[in-house]
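only geometry, no sequence info:
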């Protein structure tokens, strides 16, 4: 089969932005780049698409290589194709973001890539345009969290109200009034209260909850009520 005339090949890469929550802090997983240029500098986990892979397959493979995870929340974000974004060759990067519960998967992170979790507020300078990618992912997550229960992908199946509130505050980088949050989240009927308590933080403890996903579908925009008005 022939080739398109007068067209220079362009490389296609996939970069994965992996967010995690440990019950206290929202974090980003980054690695030390293993190849030149700028070897050993902080980078998102990425790689070139395989000859027989589609984009989703490449993203899942990259995520599996780094974390040992599959069947996690993974969403395509955007494509970046500035001619000078990679100093070696013209490369278009298709970016995905993943949301995981750090406590559930921390032992599966592959040490081969020198992976390290950073608080989102303390993410170091990343290579190329990776910091721009992370900012775009945070903007998308804030939008998604207003309409969908995507943040629950960062939580264990059972969680406390304080854990949920802390997560929302960190995602939107704004404080939430404790009493208002409890009142709204309780009135929504979206959470199922459990019998057990988490007593790791206090003697009194806090009840565990689960998300009622079926009820959430019928109240599609409920989470708009929980977003801080001062959110950036």
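Now that the structure is in, tell me what you want to look at. Just so it is clear, the model here is predicted, and its values are computed rather than measured.

so what's residue 61 up against?
Neighbouring residues of residue 61 by C-beta atoms under 8 Å, 6 or more residues apart in numbering: 47, 50, 53. C-beta here means a position set from N, CA and C on the backbone, and glycine is covered the same way.

with adjacent residues omitted, what lies nearest to residue 48?
Spatial nearest neighbour of residue 48, chain neighbours left out: residue 13 (5.2 Å); criterion: C-beta to C-beta, 6 or more residues apart in numbering.

that neighbour falls within a strand, correct?
Yes. Judged by DSSP: H, G, I helix; E, B strand; the rest coil, residue 13 forms part of a strand.

bridging residues for it?
residue 48, residue 93 (DSSP bridges).

correct me, but it touches residue 47?
Yes. Between residue 13 and residue 47 a contact is recorded at 6.6 Å, counting by C-beta atoms under 8 Å.

higher neighbour count, those two?
residue 13 (18 against 15; other C-beta atoms under 10 Å).

where does the protein dip in pLDDT?
Along the chain, the parts satisfying pLDDT under 70 run over 1, 106-108, 110, 215-232.

and the strands in it, which stretches?
In the chain, the segments counted as strands under DSSP state E are 11-21, 26-32, 42-43, 45-48, 73-80, 91-101, 116-119, 159-160, 191-198, 206-211.

tell me which of those sits nearest to residue 185.
Among these, strand 191-198 comes nearest to residue 185, with 6.2 Å by C-beta to C-beta.

so which bits of that closest one are buried?
Along strand 191-198, these residues count as buried under the neighbour rule (16 or more other C-beta atoms under 10 Å): 191, 198.

off-centre distance for that strand?
Its chain's C-alpha centre and that of strand 191-198 lie 26 Å apart, by C-alpha atoms, centre = their mean, to the nearest Å.

I'd guessed residue 8 sits against residue 90; true?
Yes. In this structure, residue 8 is within contact of residue 90 by C-beta under 8 Å, at 7.3 Å.

which of those two has more neighbours?
Per other C-beta under 10 Å, whichever of residue 8 and residue 90 has more neighbours is residue 90, with 14 against 7.

quick one, domains of the protein?
As assigned by automatic domain parsing, the chain contains the domains 11-147, 157-226.

kindly list the longest helix within this structure.
Secondary structure assigned by DSSP state H gives helix 130-147 as the longest helix of the chain.

could I get the strands of the chain as JSON lines with distance to residue 57?
Converted to JSON lines, these look like this (distance: least, C-beta to C-beta, whole Å):
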{"stretch": "strand 11-21", "distance to residue 57": "9"}
{"stretch": "strand 26-32", "distance to residue 57": "21"}
{"stretch": "strand 42-43", "distance to residue 57": "21"}
{"stretch": "strand 45-48", "distance to residue 57": "12"}
{"stretch": "strand 73-80", "distance to residue 57": "11"}
{"stretch": "strand 91-101", "distance to residue 57": "11"}
{"stretch": "strand 116-119", "distance to residue 57": "26"}
{"stretch": "strand 159-160", "distance to residue 57": "32"}
{"stretch": "strand 191-198", "distance to residue 57": "35"}
{"stretch": "strand 206-211", "distance to residue 57": "29"}
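
out of these, which comes closest to residue 143?
Here strand 73-80 is closest among the strands of the chain (C-beta to C-beta), at 11.4 Å.

mind listing what's buried in the closest one?
74, 75, 77, 80.

hmm, the third one is touching residue 95, no?
Pointing back at residue 77 there. Yes. Residue 77 lies in contact with residue 95 (C-beta under 8 Å); the separation is 4.5 Å.

overlap of the contact sets of these two?
In contact with both residue 77 and residue 95: 17, 133, 136, 137, using C-beta under 8 Å, 6+ apart.
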